[in-house]
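**Q** just a sequence and a predicted model for now, questions to come.
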Amino acid sequence: MLKVGEFSKLGMVSVSLLRYYDKIGLLEPAAVDPINGYRLYRATQLRDLNRIIALKDLGLALEEIPPVLADELTGSELRGMLRLKQAEIRRHIAEEQERLQRVAVRLTLIEKEGTMPDTEVTIKTLEAAAGLSVRETVPGGPGIGDVIGDTIGGIFANGLQLAGAPIAIYHDLEFTPDSVDVEVFCPVAVSGATPLETPGGRKLEPRTLEAAEVASTVFVGNYEELATPYQALAAWIGEHGYRVAGPTQEIYMSGPDEPGPPVTEIRMPITTA
């Protein structure tokens, strides 16, 4: 037999909680010393305690637990229930982390509102460029990264060399974070039969980017912070008598695996307002 303190240590719960479980009849001691009133537990009761705590963490109210215990829930069944709960908690944590990141982005935008018009912007006239591209609708940021990586991997896998930095072109007409229409364009000298296949099974199609006049700004920092230069560039365009006239482009002048923060050029095709 184990004294209540020893049982508390082995079960990793407080003595006060064990006393409460005894009071409500959820987990009574195996015996009570008639002389000193000490509660005594059998080691086998740890099995019941483990199930009580697990079921409580699964969201069951204490009064709902006795019938479940009476049904002799097997270890395998309980493990399955706990794994499902574990997956639910992880999903919730991921959602909260994403929400925290969105809050951080908005906070940064608000904090920098007074300095956004100082963003350095250049007007460029771009010549037509030939290359290969992949266009796909993907579910958010991770999907974009997958298409970019697979497209660049396809260039090298087919023995080609980049003639310039890869470009992501965003064709969506509105904000659609869970369904992004993105095209990844790689400037290369196209020759031979096309389309070519990427390691991920996508098709590299020939593509020519038309000549265009763009407003451009370069941002040094993490991709999660791109909202700040985007809004700054849009503000500059409006203030200088232009309007956006086509899909926005991101030019990846350095990659996430290179030393230092990524360097990204943002281009917005423009015309006079």
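**A** Now that the structure is in, tell me what you want to look at.
**Q** burial of the residue lying closest to residue 208 once chain neighbours are set aside, as a residue count?
**A** Nearest non-adjacent residue to residue 208, counting by CB to CB, 6 or more residues apart in numbering: residue 130, 5.0 Å away. Just so you know, the C-beta spots here come from the backbone N, C-alpha and C atoms, and that holds for glycine as well. By the criterion of other CB atoms under 10 Å, residue 130 has 14 neighbours.
**Q** ok, residue 130 to residue 194 distance?
**A** Look at residue 130 and residue 194: by CB to CB, to the nearest Å, they are 12 Å apart.
**Q** any residues in contact with both of the two?
**A** Residues touching both residue 130 and residue 194 (CB atoms under 8 Å, 6 or more residues apart in numbering) are residue 206.
**Q** direction included, what does whichever strand or helix holds the residue nearest to residue 208 pair against?
**A** Residue 130 belongs to strand 129-138 when assigned by DSSP states H and E. Applying DSSP bridges, strand 129-138 is found paired with strand 180-187 (antiparallel), strand 203-209 (antiparallel).
**Q** quick one, which of those is nearest to residue 28?
**A** Nearest to residue 28, of all the strands paired with strand 129-138, is strand 180-187, at 58.0 Å by CB to CB.
**Q** how far does the closest one sit from the chain's center?
**A** With CA atoms, centre = their mean, to the nearest Å as the basis, strand 180-187 stands 20 Å off its chain's centre.
**Q** helices of the stretch 1-150 of the chain, start to end?
**A** Assigned by DSSP state H, counting those that start in this stretch, the helices in the stretch 1-150 of the chain fall at 4-11, 15-23, 45-57, 65-70, 75-111, 141-157.
**Q** list the buried residues in the first one.
**A** What that stands for is helix 4-11. Buried residues in helix 4-11, counted by 16 or more other CB atoms under 10 Å: 4, 7-8, 11.
**Q** same question for the second one.
**A** Under the neighbour-count criterion of 16+ other CB under 10 Å, helix 15-23 has 18, 21-22 buried.
**Q** pick the one among these closest to residue 66.
**A** Nearest member of those to residue 66, counting by CB to CB, is residue 21, at 10.9 Å.
**Q** next one: the residue nearest to the closest one when sequence neighbours are not counted from residue 162, what distance?
**A** Nearest-residue entry for residue 21: residue 27, 4.1 Å, with adjacent residues in sequence omitted and distances by CB to CB, 6+ apart. In this view, residue 27 and residue 162 are 66 Å apart by CB to CB.
**Q** out of those two, which sits in the busier spot?
**A** Between residue 27 and residue 162, residue 27 has the larger neighbour count (other CB under 10 Å), namely 22 against 13.
**Q** ok, residue 137 - contacts?
**A** Counting by CB under 8 Å, 6+ apart, residue 137 makes contact with 179-182.
**Q** quick one: buried ones out of these?
**A** Buried, going by 16+ other CB under 10 Å: 180, 182, out of those.
**Q** mind putting the contacts of residue 137 in JSON lines, distance to residue 158 included?
**A** Listed next are the contacts of residue 137 as JSON lines, based on distance: CB to CB, whole Å:
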{"residue": "179", "distance to residue 158": "29"}
{"residue": "180", "distance to residue 158": "25"}
{"residue": "181", "distance to residue 158": "25"}
{"residue": "182", "distance to residue 158": "21"}
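**Q** understood, closing this out.
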